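Engineer: Sharing a model that was predicted from the sequence below.
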Amino acid sequence: MSMLPATREQCEALDAADPLASLRGLFALPDGVVYLDGNSLGALPVAAPGRIADAVERQWGRDLIRSWNTAGWVELPQRVGAKIASLVGARADEVVAADATSVNLFKVLSAALRMRPDRTVILSETGNFPTDLYIAQGLIEQLGARHSLRLVGRDALPAAIDDSVAVVMLTQVDYRTGSRLDMDAVTAAAHRAGALMLWDLAHSAGAFPVDLNAAQADFAVGCGYKYLNGGPGAPAFLFVARRHQPAFSQPLSGWMGHAAPFAFEAGYRPAQGIARYLCGTPPVLSMIALDAGLDALLAADALGGLPALWRKSLRLTALFAARAQALCAGHGLRCETPMDDAGRGSQVSFTLPDGSQGYSVVQALIARGVIGDFRAPDILRFGFAPLYLRHVDAWDAAAQLSAVLDSGEWRRDEFHARAAVT
């Protein structure tokens, strides 16, 4: 990586010469705000309100139920899924947009266990995103005492994959620290042991290049509202490698996954291919918002695509981490995110010696217009979406973090009141 800028003027020069700079105009960003929470909720694409308004006023309001056919509503899960496939190294017929990440995880975990009937263990890491573990626990309760969830530390993962493991379930980028697993190496280790590999791409898809097929991954899930900019509660997606699709048993056998939904047969016949993994009626308005977010992301293709965005992300995260640590050294700020390029996702996370102050520091930063978030018990987390962030944003955010700590303003009572969402 080239030398990091040493002044704000150098940051401005980098931004002026940035070939990706025009992409910022595709998003509605409030004046005076540095938005470093795109890893939790992506910014609003400027095209989304118009697309949604058209869907409401013309497609729904005027054309009514005909829009399932004339506007192609019924095909949205596959069309949106194909766009996501291009971002995660999958074929268009291997990804479908549907449901929530947790629901999709239940589908693929259930299928994976049925594909390995002589094995009984779901293997994951102790620090995996809690909802993934909750879904695995709930599935095991349904299946009975024969199956179990085995949790190990990240360093112990390869050795823990033995002939009792049916499926390895991991999130590629740690939601707290931003540390990143080697997809190729871990998948290969799972396959050597005869296990299936399931990846959660919640903090990967749209943030950096992912190649599921090159890694020979079996399954993947991910959400639409982070780096894909699909809006709050946007539909999620799932990937099933083509080689597994005929054997995939859908546990949530809803009508949209039927071979002929409008035949209204009494018995369930699974559809062929990726349509099998649908369940209920797609949420059309949310799906259209996600489609608009994907189009904004895919606009980067003409400018170098995800590889170019990833190179920019690496510069932004390295700049922010270095500048913040230099300015805040006296406060014991510690970077928890690996700084080797292959070892991190598109975020930077810090801790402070007194972990209890982390939430209040983040709230004080938000009051100054720098929006990050807090993850219990002590993580200050900052996401960098290179589609719309600039070098000056990283520079200014570090300065504001220093100002909050130097002034002690985080001690004010209003910054200690815990909101429902942190």
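Structural biologist: The structure has been received and is ready for your questions. Numbers count the residues shown, from 1 in each chain.
Engineer: Which stretches in the stretch 251-400 of the chain count as strands?
Structural biologist: Assignment of strands within the stretch 251-400 of the chain using DSSP state E, counting those that start in this stretch yields the ranges 334-335, 347-351, 370-371, 373-375, 379-383.
Engineer: I misspoke; the intended subject was the stretch 101-250 of the chain.
Structural biologist: 121-125, 148-152, 165-171, 196-200, 219-222, 237-240.
Engineer: which stretch among those strands comes nearest Ser360?
Structural biologist: strand 165-171 (27.7 Å; CB to CB). Heads up, the C-betas are built off the backbone N, CA and C, glycines and all.
Engineer: mean confidence for the closest one?
Structural biologist: Over the span of strand 165-171, the pLDDT mean works out to 98.
Engineer: Could you pull up the residues touching the spatially most central residue of the chain?
Structural biologist: Centroid-nearest residue in the chain, with CA atoms, centre = their mean: Ala202, separated by 2.3 Å. By CB atoms under 8 Å, 6 or more residues apart in numbering, Ala202 lies in contact with Thr101, Phe129, Thr171, Val173, Tyr175, Val221, Gly222, Cys223, Lys226.
Engineer: Out of those residues, which comes closest to Val34?
Structural biologist: The nearest one, if we look at the contacts of Ala202 relative to Val34 and count by CB to CB, is Lys226, at 17.7 Å.
Engineer: which sections of this protein are below the confidence cut-off?
Structural biologist: Applying pLDDT under 70 to the chain flags residues 1-2.
Engineer: on that earlier part again, as a markdown table, the strands of the stretch 101-250 of the chain with distance to Gly72 and mean neighbour count would be great.
Structural biologist: Below are these laid out as a markdown table (distance: least, CB to CB, whole Å; neighbours: other CB atoms under 10 Å):
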| stretch | distance to Gly72 | mean neighbour count |
| --- | --- | --- |
| strand 121-125 | 37 | 24 |
| strand 148-152 | 40 | 15 |
| strand 165-171 | 33 | 24 |
| strand 196-200 | 29 | 26 |
| strand 219-222 | 23 | 29 |
| strand 237-240 | 18 | 29 |
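Engineer: Take these and write them to TSV, including distance to Phe374.
Structural biologist: Shown next, in TSV, are the strands of the stretch 101-250 of the chain (distance: least, CB to CB, whole Å):
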stretch	distance to Phe374
strand 121-125	22
strand 148-152	24
strand 165-171	19
strand 196-200	21
strand 219-222	23
strand 237-240	27
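Engineer: Return the closest of the contacts of Ala202 with respect to Val240.
Structural biologist: Using CB to CB, Val221 comes nearest to Val240 of the contacts of Ala202, at 10.1 Å.
Engineer: Show me what that closest one bridges to in the sheet.
Structural biologist: Beta-bridge partners for Val221, by DSSP bridges, are Asp200, Leu238.
Engineer: Surely it touches Leu198?
Structural biologist: Yes - the pair Val221 / Leu198 is scored as a contact, 7.5 Å apart, by CB atoms under 8 Å.
Engineer: Touching both of those two, which residues are there?
Structural biologist: When contacts are counted by CB under 8 Å, 6+ apart, Val221 and Leu198 are jointly contacted by Leu105, Val108.
Engineer: can you give me the helices in the protein?
Structural biologist: In the chain, the helices defined using DSSP state H lie at 8-16, 47-54, 67-70, 76-85, 101-115, 130-143, 157-160, 183-192, 212-215, 284-298, 305-327, 358-367, 391-407.
Engineer: Nearest to Trp60 among these would be which one?
Structural biologist: helix 67-70 (6.5 Å).
Engineer: Give me the neighbour count for Gly127.
Structural biologist: Using other CB atoms under 10 Å, Gly127 has 16 other residues around it.
Engineer: what's the closest non-adjacent residue to it?
Structural biologist: Leaving aside its chain neighbours, Gly127 sits nearest to Asp174 (6.2 Å; criterion: CB to CB, 6 or more residues apart in numbering).
Engineer: one step back: so which of the strands of the stretch 101-250 of the chain is nearest Val108?
Structural biologist: strand 219-222 (4.2 Å).
Engineer: Pull the distance from the closest one to the chain's centre.
Structural biologist: Offset of strand 219-222 from its chain centre (CA atoms, centre = their mean, to the nearest Å): 10 Å.
Engineer: Stretch 292-310 now?
Structural biologist: A distance of 16 Å separates the centroid of the chain from that of stretch 292-310, by CA atoms, centre = their mean.
Engineer: just to revisit the earlier point, compare the strands of the stretch 101-250 of the chain and give me the one nearest Ala324.
Structural biologist: Nearest to Ala324, of those and by CB to CB, is strand 165-171 at 24.9 Å.
Engineer: Could you check the angle that closest one makes with strand 196-200?
Structural biologist: Comparing the axes of strand 165-171 and strand 196-200 via axes from the mean of the first three to the mean of the last three CA atoms, to 10 degrees yields an angle of 20 degrees.
Engineer: tell me, how many neighbours does the closest residue to Gln216 other than its chain neighbours end up with?
Structural biologist: Distance criterion CB to CB, 6+ apart; nearest residue to Gln216, sequence neighbours excluded, is Thr187 at 5.9 Å. A count of nearby residues for Thr187, using other CB under 10 Å, gives 24.
Engineer: what's the distance between Thr187 and Leu181?
Structural biologist: Plainly put, Thr187 is 10 Å away from Leu181 if you go by CB to CB, to the nearest Å.
Engineer: just Ser360 next, same as before
Structural biologist: Going from Ser360 to Leu181 by CB to CB gives 32 Å.
Engineer: Contacts for stretch 137-152, please.
Structural biologist: Contacts for stretch 137-152 (CB under 8 Å, 6+ apart): 106, 109-110, 113, 120-126, 128, 133, 136, 160, 165.
Engineer: go with 7 Å
Structural biologist: Identification of contacts with stretch 137-152 by CB atoms under 7 Å, 6 or more residues apart in numbering yields 106, 109-110, 113, 120-126, 133, 136, 160.
Engineer: First-to-last residue distance for that stretch?
Structural biologist: Here the two ends of stretch 137-152 are set 15 Å apart, with distance taken as CA to CA, to the nearest Å.
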